[in-house]
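# Provided below are the primary sequence and the corresponding predicted coordinates.
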Amino acid sequence: MIRAVLCDLSGVLYVGDRAVPGAQDALISLRAAGVGVKFITNVTRLPRRRIVQQLLRLGFDVDTEDVFTPANVARAFVTREGLIPHLLIHPNLQEELGDLSGSSPNAVLLGDAGHAFTYENLNAAFRILITGAPLLVMGTDRYYREPDGLSLDAGPFAKALSYAAGAPVQVLGKPSPAFFRLAAATMDVDLDEVVMLGDDYEVDVRGALDAGLQAILVRTGKYRDGDEFRVGARGARVCADIGAATDLIL
C-alpha cells in the first residue's frame with residue numbers, strides 16, 4: 001500500500017521552464033485521494049525560495065516546508081559539526097550558504113556550481129582537500145536534462161576532486177538514505193508505504209530503495225532507454241510519466 005509520495009522536481013514535474021504535461025493534475029489527484037506528497041530535490045543552482053517560486057509559476061500548489069533540498073541539510077550538518085566550509089557552489093546559492101564560509105576553511109562543500117566550475121575554483125578546493133579536509137557533496141547526480149539537451153551535474157566534479165585528493169565523498173543529498181528518510185519522516189507513515197518518483201535510476205531509484213522506500217522510475221527528464229535495466233534500478237516500477245505513475249499508485 002502506498003500512503004505517501006516523495007516527488008523529484010526537475011525531470012518529473014518540469015523540464016527547464018515547462019511543466020511536464022499532466023503533472024499538475026497528477027498532484028491534485030494524489031492529494032484528493034489522501035496520499036501525502038512531499039518534494040525532494042538535488043537542485044543546487046537555486047535556493048529553496050526560488051525553487052518554490054518556480055513551481056508556483058508553473059501552476060503547482062506547493063508550500064515551502066514541503067520542499068526538501070540538500071542545501072538545508074548541508075547548513076544543518078556544517079553548523080552541527082562546527083565546520084568552516086570552502087564553498088564550491090552556484091552563485092545563486094550564496095544567499096542560503098554564503099555566511100558559512102570563513103578565512104580558514106576546514107571542509108569543502110560542493111553543489112552544482114555551473115559556470116563556477118572553473119579550473120581555478122576546482123584547484124582551490126583541491127588544495128584544501130589534500131590537507132585531509134572532508135568533501136561534502138550536496139548530490140552525486142551525473143547529469144540532468146535542460147531544454148537543449150543533457151548537461152553535467154555536480155557528481156562528475158565531486159568524483160574528480162575525490163580522486164585527485166584521495167578524499168572520501170560524504171553525500172548530504174540524494175542518494176543518501178538519510179536524506180530520503182528525513183523527508184519521509186515528516187509524513188507519519190512507515191517507510192515501506194512511501195514511494196519515490198524520479199527520473200534518475202541511480203540517485204532517485206537506487207537511493208530510495210536503499211533507504212527502504214518503494215520507487216517508480218518515470219520516462220521523462222533525464223531518463224534514457226534501458227535505465228530500468230541498469231544496476232540499482234531493479235526492483236522499481238517504470239511509468240511513462242508522473243500521470244501514469246499516479247494512475248498506478250491510485
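It's in. Numbering: from 1, shown residues only.
# rest of the way, CA atoms for contacts and neighbours
Noted.
# can I get the worst-scoring helix or strand of the chain on mean pLDDT in CSV? Just the C-alpha atoms.
Sorting the helices and strands of the chain by mean pLDDT, DSSP states H and E puts strand 143-146 at the bottom, at a mean of 89. Extracted C-alpha coordinates of strand 143-146, given in CSV (Å, rounded to 0.1, in the frame of the first residue of the first chain):
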residue,chain,number,x,y,z
TYR,A,143,23.8,14.9,-15.4
TYR,A,144,20.4,16.4,-15.8
ARG,A,145,18.2,17.5,-18.8
GLU,A,146,17.9,21.1,-20.0
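# other SSEs contacting that strand?
For strand 143-146, the elements it packs on are strand 149-152, judged by 3 or more C-alpha pairs under 8 Å, 6 or more residues apart in numbering; DSSP states H and E.
# relative to residue 205, how far out is residue 249?
16 Å (C-alpha to C-alpha, to the nearest Å).
# the more surrounded of these two?
More neighbours surround residue 205 than the other of residue 249 and residue 205, with 31 against 16 (other C-alpha atoms under 10 Å).
# that one contacts residue 216, doesn't it?
Yes: here residue 205 reaches residue 216: they are 7.0 Å apart, a contact under C-alpha atoms under 8 Å.
# what touches both of those two?
196, 197, 198, 236 (C-alpha atoms under 8 Å, 6 or more residues apart in numbering).
# just the element for the first one, please.
Assignment of secondary structure by DSSP states H and E places residue 196 within strand 194-198.
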